[in-house]
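> Fold the following and give me the result.
(2 chains)
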Amino acid sequence: MNWWITKPGATATLAGPGSFEETVQQNIMLTSVQSLLGWGRKNSMWPFHFGLSCCFVEMATSMTPKYDVARFGAEVIRGTPREADVMIIAGTVFIKMAPIIKRLYEQMMEPRWVISMGSCANSGGMFDIYSVVQGVDKFMPVDVYVPGCPPRPDAFMEGLMLLANSVGKEQRPLSWVIGEQGVIKPAKISMKDQRYEKRQEMTSFRSPDEV
Amino acid sequence: MEKPFDPTEQLVLKFGDIFTRQTTKDDMLTLWLPLERLKEVLFFCKNDLRPTYKFLYDLTAIDERPRKREPDYPSEQFTLVYHLYSYDGNQFLRFKIALKENALSAPSITSFWANANWYEREVYDMFGIRFEGHPHLTRILMPLTWEGHPLRKEHPARATEMGPFRLWDEKQDREQHALQFLPEDWGLQRHSEDSDFMFLNIGPQHPGTHGVIRLVLQLDGEDIVDIVPDIGFHHRGSEKMAERQSWHTYIPYTDRIDYLGGVNNNLAYLLSIEKLAGIEVPERVKVIRVMMCELFRIASHLVWYGTFAQDVGQLSPVFYMFTDRERVFDIVEAITGGRMHPNWFRIGGVAQDLPIGWEKLVKDFLNYFPKRLKEYDNLVMRNSLFKARTVGIGIFTTEEAIEWGVTGAGLRACGLEWDFRKKQPYSGYENFEFDIPTGENGDCYDRARVRVEEMRQSLRIIQQCMENMPEGSYKADHPLTTPPIKKHTMKDIETLITHFLGVSWGPVIPAGEAMVCTEATKGANSYYAISDGNTSPYRMRIRTPSFAHMQTVPYISKGYTVADLLSILGAMDYVLADIDR
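This is a model prediction of the structure:
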């Protein structure tokens, strides 16, 4: 795509290298309703104001200026599950809290997604202890797992973007007459496998003895 | 510090020779007394002993059954432990009561000590010890549907020992039903003479509660008649966890107790352990530790500052304050490699020496931050709306604060100049010049003022650390430090074996008991560590400030409105993991 800037006070004729075809390309978009909805969902994921423990502080940090999750359209925090699109299980899933988490999840309207943030929510992490559920996926579905204890705000945002990309590709056929029923989600990817090559290339590291 | 005063003589004069003395590693006076005299002795200590022990610092229990005991250790199967503290005498006093397994019951002291209520409920929940005369002895941390008492040794520790977790629909309904609040259970009226009360449920999921806690409000219109807090939604079993971790590998768990306080938790834990092990740390270690603790104190206070302003309706300050918190974390990250939970202190030292170039980072921050604090004064503290929401709200007096076990900024806001860094200095705090900021009115505004001033004092301490950083090792030269010292291992087989055991099993800390009280970011925090000469603690009791603070909420909120309650909670600065552990 070509673009140019007009100076204030310049005459109406533009000196750009644009053509008729290009102008049409920039103004008309052909798409299916499904993809359009996917694009809209992808770019405005409203998180539920929900936090359990330490991870929630890092999740809140991602909304502050240094990280600024608003860049990805996810800064509209909703106080009620009925208005939220994505629930972030930020922290330890306690046995006493599990029925409440499930209830809150059930109160969210479709389409809805879940990010499991941090080791505790992923698998229980370091808290293999009587009062902690060993992973939130024991009683509800999870779309993205973000590792870390707690994950840095950057890691959380990467998880959010991975989810957004997957949401953009999600298919929700209208009826079995047209095609398959239900939600067709893209296959989950393993970032660990995807980054294997790159990780192997990392051989020299900065010394921790210097700032 | 002057020589501690010994009240044993007065106690023996009054009650006769009923006490058995136990020596502990922390030199705290520890007396065993018979169960039937418990109530009168404690009442006497609170009111008539000189100096008076007005503050019930902690109340807990120990399951003694499988413990390797010294023959002169006068315990039965269970032991109750009462920690009292005297503000007049600046000293602790520890009472222990032996309980037989077939008679697990003790008289309640709630009739004369308000804050014993939750502590007794916690002991009941965790050990199944009953307290006769307690107004409402039910579980406090575990769900009401729970079976067994987790801190008893026969209760499983791991979730994986208890079978996979399932939440089928009937169970979901049963648990939800158990959460149903019935005012009659708590002795609350549904009507007054001229009005019906409304019961409002706040939490466990609510943006204003800063985490998973539930408060049930009894309301007359907009006015709060009573509150029943329901805690335990954040119970992570940290005390039980200690009983299976090695002394060294328990350090990361302490990070996550007060998860905003970072290394302050490490320090409270390690001071007790180093006392047990008899480790003297080098001067450099002390100063590095103090510097990191004060940086975390600023980071924690910044979170409180921003969220408190947000609680009372100011949306923008939190964005400024979290940005400054990132600047603190830049330093923390350069030094420790971590952010919130650096897990950087070690038994007998710290993980590694300060990196080259740390002074510049600290210096830049010291130059940068005071200006910002001044700006925040204009933004928040001098804001008339902020004042309207906080001045004269949630008032309590020094006497009430002591009765309810309030410590930290809440206590200082009442006007009592009390800071354990000054009064019982640890880790070399006696060498630093700093003031203890106090308030006068004991309201939410004064609590905020005290914390803001504390950040300035922390900056002073950090500056002194930076200017006077001693040379030397970052680790003590002691066989029980972790990770164990390696320099001799490649020369003779004995040290190689010792090193191998020290790395694989962890150090064996000598048998004994110790507790050191520290001034954490939120108040008095301590780890009462008991070793029976093993590679992991026999019992680890964590006394956290937020637990005591949360217990005061019903008392101080009565008569205020619902909106004021949010100010009171915000000004309290609690962390859920610090309440439920």
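> surely B:Asp26 meets B:Tyr527?
No - contact criterion C-beta atoms under 8 Å: B:Asp26 and B:Tyr527 do not qualify, at 11.0 Å. For every residue, glycine as well, the C-beta is placed using N, CA and C.
> Find residues that contact each of those two.
Taking C-beta atoms under 8 Å, 6 or more residues apart in numbering or on different chains as the criterion, B:Asp26 and B:Tyr527 both touch B:272, B:515-516.
> now those residues in TSV, with distance to chain A and secondary structure?
Converted to TSV, the shared contacts of B:Asp26 and B:Tyr527 look like this (distance: C-beta to the nearest C-beta, whole Å; DSSP: H, G, I helix; E, B strand; the rest coil):
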residue	distance to chain A	secondary structure
B:Ser272	21	helix
B:Met515	23	strand
B:Val516	25	strand
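> I'd like those as TSV, with pLDDT and neighbour count appended.
Compiled in TSV, the shared contacts of B:Asp26 and B:Tyr527 are given as follows (pLDDT from 0 to 100; neighbours: other C-beta atoms under 10 Å in any protein chain shown):
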residue	pLDDT	neighbour count
B:Ser272	93	27
B:Met515	92	26
B:Val516	91	24
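> so which of those residues comes closest to B:Asn201?
B:Met515 (37.4 Å; C-beta to C-beta).
> Excluding sequence neighbours, find me the nearest residue to the closest one.
Nearest residue to B:Met515, sequence neighbours excluded (C-beta to C-beta, 6 or more residues apart in numbering or on different chains): B:Tyr528, at 4.1 Å.
> Shouldn't the one you found be within a strand?
Yes - counting by DSSP: H, G, I helix; E, B strand; the rest coil, B:Tyr528 is located in a strand.
> Chain A versus that one, what's the distance?
With distances taken as C-beta to the nearest C-beta, to the nearest Å, B:Tyr528 is found 20 Å from chain A.
> List the beta-bridge partners for that residue.
Listed beta-bridge partners, B:Tyr528: B:Met515, B:Arg541 (assigned using DSSP bridges).
> That one: what's it in contact with?
B:58, B:60, B:81, B:83, B:272, B:513-515, B:539-543.
> related to what we said a few turns ago, tabulate the shared contacts of B:Asp26 and B:Tyr527 (CSV), appending distance to B:Tyr574.
Listed next are those as CSV, based on distance: C-beta to C-beta, whole Å:
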residue, distance to B:Tyr574
B:Ser272, 23
B:Met515, 22
B:Val516, 22
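> Just give the closest residue to the residue in the stretch 351-500 of chain B that chain A sits nearest to, not the sequence neighbours.
Using C-beta to the nearest C-beta, the closest approach of the stretch 351-500 of chain B to chain A is made by B:Gly357 at 3.7 Å. Of all residues not flanking B:Gly357 in the chain, A:Val211 sits nearest, at 3.7 Å (C-beta to C-beta, 6+ apart).
> now swap in B:His134 and tell me
In space, B:His134 is closest to B:Ser108, 4.1 Å off (C-beta to C-beta, 6+ apart).
> Got phi/psi on B:Val228?
Main-chain torsions, B:Val228, degrees, to the nearest 10: phi -120, psi 110.
> unless I'm mixing things up, it is touching B:Val216, no?
Yes - the pair B:Val228 / B:Val216 is scored as a contact, 4.5 Å apart, by C-beta under 8 Å.
> hey, what's in contact with both of those two?
B:Phe181.
> Chain A: strands as residue ranges?
A:86-90, A:113-117, A:144-146 (DSSP state E).
> Which secondary structure elements does the shortest one sit against?
Yep, that's strand A:144-146 we're talking about. strand A:113-117, helix A:153-169 (3 or more C-beta pairs under 8 Å, 6 or more residues apart in numbering or on different chains; DSSP states H and E).
> Doesn't B:Ala106 lie inside a helix?
No - read with three-state DSSP, B:Ala106 is strand and lies in no helix.
> count of residues packed around it?
Other residues lying near B:Ala106 total 23 when counted by other C-beta atoms under 10 Å in any protein chain shown.
> which parts of the lowest-mean-pLDDT helix or strand in chain A are buried?
None of the helices or strands of chain A scores lower by mean pLDDT, DSSP states H and E than helix A:20-27, at a mean of 80. Buried residues in helix A:20-27, counted by 16 or more other C-beta atoms under 10 Å in any protein chain shown: none are found.
> ok now that helix, how far from the chain's centre?
Chain-centre distance of helix A:20-27: 32 Å, with C-alpha atoms, centre = their mean, to the nearest Å.
> got the CA positions of it in CSV?
Once non-C-alpha atoms are left out, helix A:20-27 reads as follows in CSV (Å, rounded to 0.1, in the frame of the first residue of the first chain):
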residue,chain,number,x,y,z
PHE,A,20,-7.9,4.4,-9.6
GLU,A,21,-7.4,0.7,-8.9
GLU,A,22,-5.5,1.4,-5.8
THR,A,23,-8.1,3.8,-4.5
VAL,A,24,-10.7,1.2,-5.0
GLN,A,25,-8.6,-1.3,-3.2
GLN,A,26,-8.3,1.0,-0.2
ASN,A,27,-12.0,1.7,0.1
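> Quick check, central residue of chain A?
Nearest residue to the geometric centre of chain A (C-alpha atoms, centre = their mean): A:Leu160, 2.1 Å.
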